[in-house]
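Peer 1: model this:
(chains A and B)
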There are 2 protein chains.
Amino acid sequence: MSLNDDEWFTEADEKGGTAFGLRIHGCLHREHSPYQEIAVYDTTGFGRLLVIDGYIMLSDRDNFIYHEMMAHPALFTHAAPRRVVVIGGGDCGSLGEVLKHQGVESVIQIDIDERVTRVAEEYFPDLAAGAKDSRARLLFEDGIAWMRAAPAASADVIIVDSTDPVGPAEGLFNAGFYAQCSRVLGAGGILVHQSESPLLHLPLLCAMRKAMREGGFDALATLGFPQPVYPSGWWSATLARKGARLEGFREAAAERKSFPTRYYTAAVHRAARALPPFVTEAFDEC
Amino acid sequence: MSLNDDEWFTEADEKGGTAFGLRIHGCLHREHSPYQEIAVYDTTGFGRLLVIDGYIMLSDRDNFIYHEMMAHPALFTHAAPRRVVVIGGGDCGSLGEVLKHQGVESVIQIDIDERVTRVAEEYFPDLAAGAKDSRARLLFEDGIAWMRAAPAASADVIIVDSTDPVGPAEGLFNAGFYAQCSRVLGAGGILVHQSESPLLHLPLLCAMRKAMREGGFDALATLGFPQPVYPSGWWSATLARKGARLEGFREAAAERKSFPTRYYTAAVHRAARALPPFVTEAFDEC
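Peer 2: Residues are numbered from 1 along each chain as shown, chains lettered A, B, ... in the order given. Alright, predicted model coming up:
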């Protein structure tokens, strides 16, 4: 059946040959920022939907999975995360999860497009609530340039909550950027970057892991999780650390965490590490 | 964007408000069997696609995940599975995975629609290869009636590889059918039924678990896994056993299994058990 554009928002990948649609009541907001087109739709089953340049960023209904998995595995892997940097993430969803950790003293978020944050504050106020936290500092500038200028060993965890590697985010997926992250991370520091679909984007995932190694990260761990509004409904995040291994995490702390989550638990964290053979075999070859 | 029906096969759930599409070169086959409309499309990125009554059943590219997860967790949980029954599963994908277990002596597959199997043999020959195995017996009749007539304690594992609970499969999702499965299973016998999307169909999943309990199964375990061509891309299977607990499985046997898999491993099996809080909390309440 064909989908009427008045009743459905549809994101189609002509090259990959997949499409995903959500039924809508209508469009609540659309603007052209200096960097991209930002739109918000009111869906019938997924709450509000944030779309950038035609790509689905998040929905009310399922963004908790992505944001919890971008924040908590990295923060429960670092021994004592106090200083966190978020590159991208203008909707403030990952920021909000990071701020749930009481030990975190400062989060600097650098998103090139202030309009994403302002739109999130208006249409996704719960998601963007972290922007008002006194520990959060929001900068609207180029994350690549910011990282290049940041002092060495000044962060414990860097979260790269970027769009896909086309457009503004392209420069975040290479060894040069990862090398700067490596320099900015202190001893035992953790980088985490969203790493696309294990089914659809395996060559890209392999290239990211290779670039992370070239950027100075010796230990890598890719975690899988569902994300129904992203292509294939199956997504991943890749953690990286210099020097130390990435086998374990602070399981006891994760078990007795003081804040609620809807997707993340210590058991879910362990489980997300178990990748299927078709993925691990591809990693072994790249 | 709207999707042209000549270039895309699209499955839309008007009520749930989600749609999934695959780009196609064209339709290879379409027929009306006595029970349903069966179609096969040639997609640009997912190989061949089997569609029944407008619902995607499987694609060449990702069916291995579903079929491995329908077969191996159940077979590695039973102490020594020899006699297996598959209800539905006419494409023979689950059958093929079951037959990889050398200890399995017989598999009876009961699908109401012979045409599904014949179409699978023609368009998905690798998937349907198990139909020729001397241990397999294919019956084309009503699975509910078959189960009612089957001798007590005559099966070790029952796999219900059904379509959604509308149309022919509706009668497979209730306590009456599960009670018959319970009667037909021997001591320590395992039932497994595909149990829809943890995100989209949680009330149905709860109802299935309740019906399984009413049908005489004391121990239940729901396992999650990706299935990109199904709604939300996130799917589940629910295992059930009479009397005994369902905490463990034959991990050593799974670790040293003699056959290849692309998704299933002992670690993936353990991981699939780790459900997120929003799911487990719903289970606790139902």
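
Peer 1: show the contacting residues for the most centrally placed residue in chain A.
Peer 2: With distances taken as CA atoms, centre = their mean, the residue of chain A nearest its centroid is residue A:161 (3.2 Å). By CB atoms under 8 Å, 6 or more residues apart in numbering or on different chains, the contact list for residue A:161 reads A:70, A:86-89, A:93-94, A:194. All C-beta spots, glycine's among them, are computed from the backbone N, C-alpha and C.

Peer 1: how far away is it from residue A:111?
Peer 2: To residue A:111, residue A:161 is 9 Å away according to CB to CB, to the nearest Å.

Peer 1: with adjacent residues omitted, what lies nearest to whatever residue of the stretch 151-286 of chain A ends up closest to chain B?
Peer 2: Nearest residue of the stretch 151-286 of chain A to chain B: residue A:233, at 1.4 Å (CB to the nearest CB). Nearest residue to residue A:233 in three dimensions, chain neighbours excluded: residue B:233, at 1.4 Å (CB to CB, 6 or more residues apart in numbering or on different chains).

Peer 1: with just CA atoms, put the top helix by length along chain A into PDB.
Peer 2: Scanning chain A for the longest helix, with DSSP state H as the assignment, gives helix A:63-77. Extracted in PDB, the C-alpha atoms of helix A:63-77 (Å, rounded to 0.1, in the frame of the first residue of the first chain):
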ATOM      1  CA  ASN A  63      14.000   7.500  22.700                       C
ATOM      2  CA  PHE A  64      14.600   6.300  26.300                       C
ATOM      3  CA  ILE A  65      16.300   3.100  24.900                       C
ATOM      4  CA  TYR A  66      18.800   5.000  22.800                       C
ATOM      5  CA  HIS A  67      19.600   7.700  25.400                       C
ATOM      6  CA  GLU A  68      20.000   5.300  28.300                       C
ATOM      7  CA  MET A  69      22.300   3.100  26.200                       C
ATOM      8  CA  MET A  70      24.400   6.200  25.100                       C
ATOM      9  CA  ALA A  71      24.900   7.200  28.700                       C
ATOM     10  CA  HIS A  72      24.900   4.500  31.300                       C
ATOM     11  CA  PRO A  73      27.200   1.800  29.900                       C
ATOM     12  CA  ALA A  74      30.000   4.400  29.400                       C
ATOM     13  CA  LEU A  75      29.400   6.000  32.900                       C
ATOM     14  CA  PHE A  76      29.200   2.700  34.700                       C
ATOM     15  CA  THR A  77      32.400   1.500  32.800                       C
END
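
Peer 1: what's the first helix or strand after it?
Peer 2: Counting by DSSP states H and E, the next helix or strand C-terminal to helix A:63-77 is strand A:83-88.

Peer 1: how far is the helix or strand following that following strand from where the chain is centred?
Peer 2: Next helix or strand after strand A:83-88 toward the C-terminus (DSSP H and E): helix A:93-98. Here the centre of helix A:93-98 is set off from its chain's centre by 10 Å, with CA atoms, centre = their mean, to the nearest Å.

Peer 1: can you check stretch A:261-277 too?
Peer 2: Centre-to-centre, stretch A:261-277 and its host chain are 16 Å apart (CA atoms, centre = their mean).

Peer 1: just stretch A:171-188 next, same as before
Peer 2: Relative to the centre of its chain, stretch A:171-188 is centred 16 Å away, using CA atoms, centre = their mean.

Peer 1: what does stretch A:68-75 contact?
Peer 2: A:81, A:84, A:89, A:94, A:97-98, A:100-101, A:104, A:157, A:159, A:161, A:190-192, A:194, A:223, A:225, A:237, A:239, A:249, A:254, A:257, A:261-264, A:269, A:272.

Peer 1: how about the residue nearest to residue A:102 when sequence neighbours are not counted, secondary structure?
Peer 2: Once flanking residues are discounted, residue A:102 sits nearest to residue A:258: 6.7 Å by CB to CB, 6+ apart. At residue A:258 the chain is in coil, as set by DSSP: H, G, I helix; E, B strand; the rest coil.

Peer 1: what lines up beside the biggest strand by length in chain A in the sheet?
Peer 2: Secondary structure of chain A per DSSP state E: the longest strand is strand A:18-32. Strand A:18-32 has the following sheet partners, assigned by DSSP bridges: strand A:8-13 (antiparallel), strand A:37-43 (antiparallel), strand B:18-32 (antiparallel).

Peer 1: could you single out the most deeply buried of these?
Peer 2: Per-stretch averages of neighbours, counted by mean count of other CB atoms under 10 Å in any protein chain shown, single out strand A:8-13 among the strands paired with strand A:18-32, with a mean of 21.

Peer 1: how far does stretch A:269-277 stretch from start to finish?
Peer 2: Its first and final residues considered, stretch A:269-277 spans 19 Å by CA to CA, to the nearest Å.

Peer 1: same question but for stretch A:84-96, I mixed them up
Peer 2: With CA to CA as the measure, stretch A:84-96 spans 12 Å from end to end.

Peer 1: do stretch A:272-286 as well
Peer 2: 21 Å.

Peer 1: quick one: buried residues of that stretch?
Peer 2: Residues A:272-276, A:279, A:282 are the ones in stretch A:272-286 that count as buried (16 or more other CB atoms under 10 Å in any protein chain shown).
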